[in-house]
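> Got a predicted structure here, sequence first:
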Amino acid sequence: MSRSATRSTGFRAVVSTCLAVTVLDGVDLLMFGAVLPVLLQDQVWGMTTVEAGLIGSVSLFGMMIGAMLAGYLTDIVGRRPIVLGCVASFSVFTGLCALAPSLEVFAILRFLAGLGFGGALPTVIALTMEYVRIERRQFYNGVVQTGFPIGGALVSVLAIVVIPVFGWQSLFAAAGLVGIVLFAVAYRNLPESMAFLVARGRADEAAELARRYEVGVAAESGLAVRQGSTAGDGRRSAFRLLSAPGFRVAAVLFPLISFFGLLVSYGMNTWIPQILRTTGYDLGSALSFMLAFNLGSAVGMVVLTGLADRFGSRRVISTGFLAGAAAVAALTLGPAQGVVFGLVLLIGFCASSQSAVYGFAGVYYPAAARGTVLGLCTGLGRLGGVAGPIMVGIVIAAPAGATGVFWAFTAVGLVAAVLVALVPRTGLTDRPRPVVDDGPADRQVPA
């Protein structure tokens, strides 16, 4: 086998395995939104709409804690063990949800599964960014994150077919079994972060991985092996890097942007079938809108992150949030079903601007702090995911109803766009990066 073929095989194994992790993440998280109409209709455990909003937020609260813990630990113990532990955790507890005897037990299991989900996302993003070409980091960040809407789309299709025959519990049981298989695949395919190994004085192990995966200096981890250091300063703690001049303001803004982005994304994903069902659509039609939202998100994650590599994260992300806000506002006009389908597709596309936010944070900070900053960004940002389903549950039960929900989401999108514009134009000036929009004016950019 040629050197290029070996490099291609190793690279694809890393990216495809990380993608599979996020697919299962999307499947599990969005299952609750898919089964929610059935749980409310059948009065399972006597669930009310307010309780449904709380349950929808429980796993997200677990994700918030899991992301912050994993993001910090991944810069201490490495990426690989964190990914494996997260996959094992959410697989076991998701499968057990099918056997939950009460609302309280179901909520606890969703929280425990959320701990694994939260830790998986920032870790696979950080790992992927080290094994791809520097100028394509945003794009492959988007590719990996397409797993989330792909998983949601799979759930939408399976829910229409499976729930009427096997019941809502079958979705949770199947996800748990698939997770066990994925653990074995990840154990075989995922390497450790080379930048992490070099920073810990394990240069020989890093060099062996570089040889095995044919990682050259076009990748950030290849540079780390060649130079004997991470792209930043591997000897400094991640939190010291985050608080360094030029990074402090962004360390606050990135989690805030994620808060508002995830508020819309998770609020819509959890409630969109029920919201549209209350306006006259049957369960099958309402779930088709959920499918449209996630298909739009999958396309948007690849397109918008690819555009961010070319035109700069700031410009692409802010435009995406603004366009999404306009599309949500259009839903208040009560358009025809075909138009609603198109608008929901567009909203999902624009909501994927959040995936580019993670990539923006990832390239803004050095590798030595990347796991920590992504953990904070996804973890603290999950507060928006926690607040979203609760907010929708409260607003939809109020006189404002679905119209009030749409106007609230419109306002949130506008705020997110403003926060993106406020991220300081500063960053590392000594690390190779061809994107010209998001760094200081004196950075040298290849022609």
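That came through fine.

> For the rest of this, base every contact and every neighbour count on C-alpha atoms.
Fine.

> and stretch 23-40, how far from the chain's centre?
16 Å (C-alpha atoms, centre = their mean, to the nearest Å).

> And for that stretch, what's in contact with it?
Applying C-alpha atoms under 8 Å, 6 or more residues apart in numbering, the contact partners of stretch 23-40 are 47-49, 52, 56, 59, 94, 117, 146-152, 154-156, 159, 163, 168, 171-172, 175, 179, 269-274, 283, 287.

> out of those, which are inside helices?
Those of those mapping onto helices are 49, 52, 56, 59, 94, 117, 147-152, 154-156, 159, 163, 171-172, 175, 179, 269-274, 283, 287, per DSSP state H.

> For the stretch 201-350 of the chain, which segments count as helices?
Assigned by DSSP state H, counting those that start in this stretch, the helices in the stretch 201-350 of the chain fall at 203-212, 220-227, 238-242, 248-278, 283-311, 313-330, 337-351.

> sorry, back to before: make a ChimeraX selection of whichever of the contacts of stretch 23-40 turn out to be buried.
Filtering those down to the buried ones (16 or more other C-alpha atoms under 10 Å) takes a single ChimeraX command:
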select :47,49,52,56,59,94,117,146,147,148,149,150,151,152,154,155,156,159,163,168,171,172,175,179,269,270,271,272,273,274,283,287
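
> nearest residue to Val14 other than its sequence neighbours?
Leu190 (5.7 Å; C-alpha to C-alpha, 6 or more residues apart in numbering).

> what about the one you found, neighbour count?
Other residues near Leu190 number 23, with proximity taken as other C-alpha atoms under 10 Å.

> cool, Leu177 as well?
Applying other C-alpha under 10 Å, we find 14 other residues in the vicinity of Leu177.

> contacting residues around Val395?
By C-alpha under 8 Å, 6+ apart, the contact set of Val395 is 401-402, 404-405.

> so of those residues, which ones are in helices?
401-402, 404-405.

> and the longest helix anywhere in the chain, average pLDDT?
When every helix of the chain is counted residue by residue (DSSP H), the longest turns out to be helix 3-41. In this model, helix 3-41 has an average pLDDT of 75.

> Quick check on the residue nearest to Val14: phi, psi?
phi -90, psi 130 (degrees, to the nearest 10).

> Does it touch Val15 like I think?
No. Counting by C-alpha atoms under 8 Å, Val15 is not a contact partner of Leu190; they are 9.1 Å apart.

> Where does pLDDT dip in the stretch 201-350 of the chain?
213-246, 276-287 (pLDDT under 70).

> let's go with 90 and repeat that
201-255, 258, 261-315, 327-345, 347-348 (pLDDT under 90).

> which ones are touching Ile394?
Neighbours of Ile394 in contact, by C-alpha under 8 Å, 6+ apart: Val50.

> Check Ser16 too.
Applying C-alpha under 8 Å, 6+ apart, we find Ser16 in contact with Val144.

> Same check on Leu383?
Neighbour list for Leu383: 60-61, 64, 259, 263 [criterion: C-alpha under 8 Å, 6+ apart].

> quick one: which of those residues is nearest Val339?
Val339 has its nearest neighbour among these in Leu263, at 23.9 Å by C-alpha to C-alpha.

> my guess is that closest one contacts Val392, does it?
No. Between Leu263 and Val392 there is no contact under C-alpha under 8 Å: 9.8 Å.
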